[in-house]
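Trainee: With the input below, show me the fold.
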Amino acid sequence: MKTRVRYVVAYLAGYLSGNESVSVYDHSQARHCSMGGGCDANSVSIYDEREACHITGTGNKGTFQLYHHGEKAHVTLELLGTKFNGYDHASGTDFNGTVNARNVMLYDSQMATHYSYFV
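Mentor: Numbers count the residues shown, from 1 in each chain. Purely as a prediction, here's the structure:
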């Protein structure tokens, strides 16, 4: 999964778990990524200011079908309480993670690495 898709997924997992924020801090990149727009249980419409692109989608019972306009790629995200998982269609790989307060941990199976974020 590309870096700019990964931090958006972490941001959305945190935001949709009740941690409304206007940015995400990517520990692996040591930088903040500002986000605009909003999302709720039924829809996502955010703007990644760092990459100057939109991420949109729909939600149904905790499962979100997302489209990253910058990558021209679909991502599926499923929220399960404090856990989440999903599939990055561009790379053909899955991911999973946890949300603990404002801290988000994401495991990217393509990179076989855990990543840490703060929302």
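Trainee: Helices of the chain, start to end?
Mentor: Along the chain, counting by DSSP state H, helices occupy 3-16.
Trainee: can you give me the strands in it?
Mentor: Assigned by DSSP state E, the chain shows strands spanning 23-26, 31-39, 43-48, 53-60, 63-68, 73-80, 83-88, 93-100, 103-108, 113-118.
Trainee: ok, the shortest one: who's next to it in the sheet?
Mentor: Partner strands and pairing direction for strand 23-26 (DSSP bridges) are strand 31-39 (antiparallel), strand 113-118 (antiparallel).
Trainee: same question for the last one, mean pLDDT?
Mentor: The average of the pLDDT scores along strand 113-118 is 98.
Trainee: same thing with the first one?
Mentor: Confidence over strand 31-39 (mean pLDDT, whole number) is 95.
Trainee: for stretch 76-83, same thing?
Mentor: Averaged across stretch 76-83, pLDDT comes to 97.
Trainee: What lies in contact with it?
Mentor: Under the criterion Cβ atoms under 8 Å, 6 or more residues apart in numbering, residues 9, 12-13, 16-17, 62-66, 84-87, 89, 96-100 lie in contact with stretch 76-83. Glycine gets a C-beta too; all of them are placed from N, C-alpha and C.
Trainee: Kindly present the strands of the chain as a markdown table, with separate columns for distance to T3 and mean neighbour count.
Mentor: Rendered in a markdown table, the data for these read as follows (distance: least, Cβ to Cβ, whole Å; neighbours: other Cβ atoms under 10 Å):
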| stretch | distance to T3 | mean neighbour count |
| --- | --- | --- |
| strand 23-26 | 8 | 21 |
| strand 31-39 | 10 | 16 |
| strand 43-48 | 11 | 18 |
| strand 53-60 | 13 | 17 |
| strand 63-68 | 12 | 19 |
| strand 73-80 | 13 | 18 |
| strand 83-88 | 12 | 20 |
| strand 93-100 | 13 | 18 |
| strand 103-108 | 10 | 20 |
| strand 113-118 | 9 | 17 |
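Trainee: need those in TSV with distance to M1, can you?
Mentor: Compiled in TSV, those are given as follows (distance: least, Cβ to Cβ, whole Å):
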stretch	distance to M1
strand 23-26	13
strand 31-39	15
strand 43-48	15
strand 53-60	14
strand 63-68	10
strand 73-80	8
strand 83-88	4
strand 93-100	6
strand 103-108	5
strand 113-118	9
